[in-house]
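Novice: here are the coordinates; sequence isn't available:
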């Protein structure tokens, strides 16, 4: 990410901060860590950085991560590998932060997505068509389907008041990467940063689903007990049914107490294929 700065004490500080961010691998330094290494207060660094560049150190780090991903893809590497190299596949602070935010409503995220900017793409995968939509915060929709127009219409209806853009360069790359991870049953799917709305209970269920290892399943009752609400198996089922980010929140790993495959928003055939790929159909 190109940042041109003139000479001056403040800009020397910013150059030093940019260098520390650019040199980081999977885990980006926090504002406090940057301030400590540069010998200034985090508040001063944040204010100086944003005044000069118009963005915060964290926003710069996230943009740099995306640039690394795009460059790796265009250099001929696999998209899954590019995700990992760019830090998207690591257990970095980006994902820890996303997990804490799961189910929280962003300030800009009103009814119908009012004020939100959403980019999306629809790409083929082995399970049909895959829609991936994202805000600047994270992925807000992952859906399977068989009809391009129907998938687009569904997104428009769900976010009727959002500013929606299709097939921007960034989202096409990202959607292709997600499709590649889906086709390879890659466990890094559950580490994607998310921007989703949920009730407190839905958020608890969805976060728990992200902890179920690939190759394993849980029953609705087992999840209810794990959440300290043993009589809430039906509520768990409803939370699974309203999951809007397929595979990133792996509701396909939840089955009946008798081992049967219950409903799946994107079709039982897809649920069965996902579990078969993960080697989970014989675990119960």
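Specialist: Done, it's in. Given the structure is predicted, the values throughout are model-derived calculations rather than measurements. Residues are numbered from 1 along each chain as shown.

Novice: quick one: residue 264 is in a strand?
Specialist: No - assessed with DSSP: H, G, I helix; E, B strand; the rest coil, residue 264 is coil; it does not lie in a strand.

Novice: ignoring the adjacent residues along the chain, who's closest to it?
Specialist: In this structure, residue 264 finds its nearest non-sequential neighbour in residue 271, 3.8 Å apart by Cβ to Cβ, 6 or more residues apart in numbering. Where you see a C-beta, it was placed from the backbone N, CA and C, and this is true even at glycine.

Novice: ok, which stretches of the stretch 1-150 of the chain are helices?
Specialist: Assigned by DSSP state H, counting those that start in this stretch, the helices in the stretch 1-150 of the chain fall at 9-23, 31-38, 42-53, 57-74, 79-86, 93-101, 148-158.

Novice: what's the least confident stretch among those helices?
Specialist: Ranked by mean pLDDT, those bottom out at helix 93-101, which scores a mean of 38.

Novice: what's the host helix or strand of residue 240 in contact with?
Specialist: In this assignment (DSSP states H and E), residue 240 forms part of helix 233-241. Identification of contacts with helix 233-241 by Cβ atoms under 8 Å, 6 or more residues apart in numbering yields 198, 201-202, 205-206, 209, 219-221, 223-224, 227, 229, 251, 254, 262-263, 265.

Novice: residues contacting the closest residue to residue 10 other than its chain neighbours?
Specialist: In this structure, residue 10 finds its nearest non-sequential neighbour in residue 48, 5.3 Å apart by Cβ to Cβ, 6+ apart. Going by Cβ under 8 Å, 6+ apart, residue 48 touches 10, 13, 14.

Novice: next secondary structure after the helix holding residue 240?
Specialist: Taking DSSP H and E, what comes next after helix 233-241 is strand 254-255.

Novice: mind checking how far the very next helix or strand once past that next one is from the chain centre?
Specialist: Sequence order places helix 268-278 as the next helix or strand after strand 254-255, per DSSP H and E. Mean-position distance between helix 268-278 and its chain equals 21 Å (Cα atoms, centre = their mean, to the nearest Å).

Novice: how about helix 268-278: buried residues?
Specialist: Buried residues in helix 268-278, counted by 16 or more other Cβ atoms under 10 Å: 270, 271, 273, 274, 275, 277, 278.

Novice: name the strands paired with the longest strand seen in the chain and say parallel or antiparallel.
Specialist: Assignment by DSSP state E gives strand 117-125 as the longest strand of the chain. For strand 117-125, the paired strands and their directions (DSSP bridges) read strand 128-134 (antiparallel), strand 163-166 (parallel).

Novice: return the most buried member of those strands.
Specialist: Highest mean neighbour count of the strands paired with strand 117-125: strand 128-134, a mean of 23 (counted as mean count of other Cβ atoms under 10 Å).

Novice: that one vs helix 268-278, what angle?
Specialist: Between strand 128-134 and helix 268-278, the angle comes out at 80 degrees (axes from the mean of the first three to the mean of the last three Cα atoms, to 10 degrees).

Novice: residues in contact with strand 128-134?
Specialist: Residues outside strand 128-134 that contact it (Cβ under 8 Å, 6+ apart) are 118-124, 139-148, 151-152, 154-155, 159, 164, 171, 174-175, 178-179, 182, 195, 270.

Novice: just the buried ones from those?
Specialist: Burial by neighbour count, judged by 16+ other Cβ under 10 Å, picks out 118-123, 139-145, 151-152, 155, 159, 164, 171, 174-175, 178-179, 182, 195, 270 from those.

Novice: and residue 147, how far from residue 266?
Specialist: Computed as Cβ to Cβ, to the nearest Å, the residue 147 to residue 266 distance reads 13 Å.

Novice: just to revisit the earlier point, look up how far residue 260 lies from the residue nearest to residue 264.
Specialist: Distance of residue 271 to residue 260, computed by Cβ to Cβ: 11 Å.

Novice: what's the answer for residue 162, then?
Specialist: Look at residue 162 and residue 260: by Cβ to Cβ, they are 38 Å apart.

Novice: those two: which has the busier surroundings?
Specialist: Between residue 162 and residue 260, counting by other Cβ atoms under 10 Å, residue 162 is the more crowded of the two (22 against 9).
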